[in-house]
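> structure for the following, please:
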Amino acid sequence: MNIAIYCGKWILPAKNGTRYLDRIFPTTGEEQGNLNNLLKNTKIKTVIESNELYMLSKTDVTHLFIREPSSQLQSALYTDFWGHISTEERKLGLSKNNNRIKNLLALYTTTGTGHWCSDLYQSLYWLLKRKQDIKVLPLSELTSFMESMGYYEKYNPADYNFKNATGDDINLNIVNITRTDLFKWLSKNYPNQINKIVKLLMIEISYYNKIINKDFGTELPKVKKPIKRFKLI
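Here you go, the predicted structure:
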């Protein structure tokens with residue numbers, strides 16, 4: 001899963017305001033860097049993988065912006081299954097015969113995608129356990145935080161809504177799918193896969209609660225029983 005660090009200070013996992021900050025700090029591939037660059041000097045934007053998060057304890061990062069895990073999952077699913085597909089795929093809509101859907105779901109419980117991994121909050125927990133001076137803020141406070149830093153980029157949710165990504169949808173009478181619709185359809189047609197994803201999600205929620213409560217004491221117990229049903233709002 002992609003993790004962005006801006007100006008060597010602010011950590012934003014994918015789906016946590018990175019496109020908004022890309023407007024404030026427009027970069028080219030040459031201006032971006034990887035973890036080795038970040039350890040050597042400050043780049044406008046550094047992109048690392050979630051399994052490298054613990055190494056940020058050796059850097060000067062100061063803030064982490066995150067959203068609640070259920071919201072992160074919904075946003076990631078919507079981006080992967082609806083936002084990042086072609087107009088032709090949207091015309092087909094959701095179909096159980098679509099192998100792309102099955103293969104993507106498998107990634108959600110294994111290696112992950114660019115927008116989701118099943119141990120993001122566990123990795124963040126261990127980073128914060130090592131470097132507890134990092135300030136954790138909810139994604140909802142990103143705009144006000146940037147204004148306090150002197151950056152006044154207006155945030156318009158419509159600019160980041162994938163259903164408005166192309167005018168072809170309207171011209172071709174494509175019916176947009178909501179996040180709720182998508183999750184309900186996946187739950188109905190792929191119950192076993194969704195149950196596995198939700199079981200991992202519950203563990204992530206436990207780590208998220210530890211982070212929010214600044215509880216970095218003992219290690220968390222594992223969830224023993226699979227979750228039969230889980231409703232995302």
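> what number of residues lie near Ser144?
The tally of other residues near Ser144 (other CB atoms under 10 Å) stands at 11. All C-beta spots, glycine's among them, are computed from the backbone N, C-alpha and C.
> repeat that for Thr143.
16.
> check contacts around it.
Listed by CB atoms under 8 Å, 6 or more residues apart in numbering, the contact set of Thr143 reads Tyr20, Glu153, Tyr155.
> try it again with 6 Å
Tyr155 (CB atoms under 6 Å, 6 or more residues apart in numbering).
> helix or strand: which one has it?
helix 142-148 (DSSP states H and E).
> buried stuff in that helix?
Buried positions in helix 142-148, judged by neighbour count with 16 or more other CB atoms under 10 Å: Leu142, Thr143, Met146.
> out of those, the closest to Leu127 would be?
Leu142 (18.9 Å; CB to CB).
> the closest one touches Leu64, doesn't it?
No. Contact criterion CB atoms under 6 Å: Leu142 and Leu64 do not qualify, at 11.1 Å.
> ok so, going back, redo the buried residues of helix 142-148 as JSON lines? Include distance to Gly8.
Output for those, formatted as JSON lines (distance: CB to CB, whole Å):
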{"residue": "Leu142", "distance to Gly8": "17"}
{"residue": "Thr143", "distance to Gly8": "21"}
{"residue": "Met146", "distance to Gly8": "16"}
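> next, format these as a markdown table and append distance to Phe183 and pLDDT.
Below are these laid out as a markdown table (distance: CB to CB, whole Å; pLDDT from 0 to 100):
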| residue | distance to Phe183 | pLDDT |
| --- | --- | --- |
| Leu142 | 25 | 95 |
| Thr143 | 27 | 93 |
| Met146 | 30 | 93 |
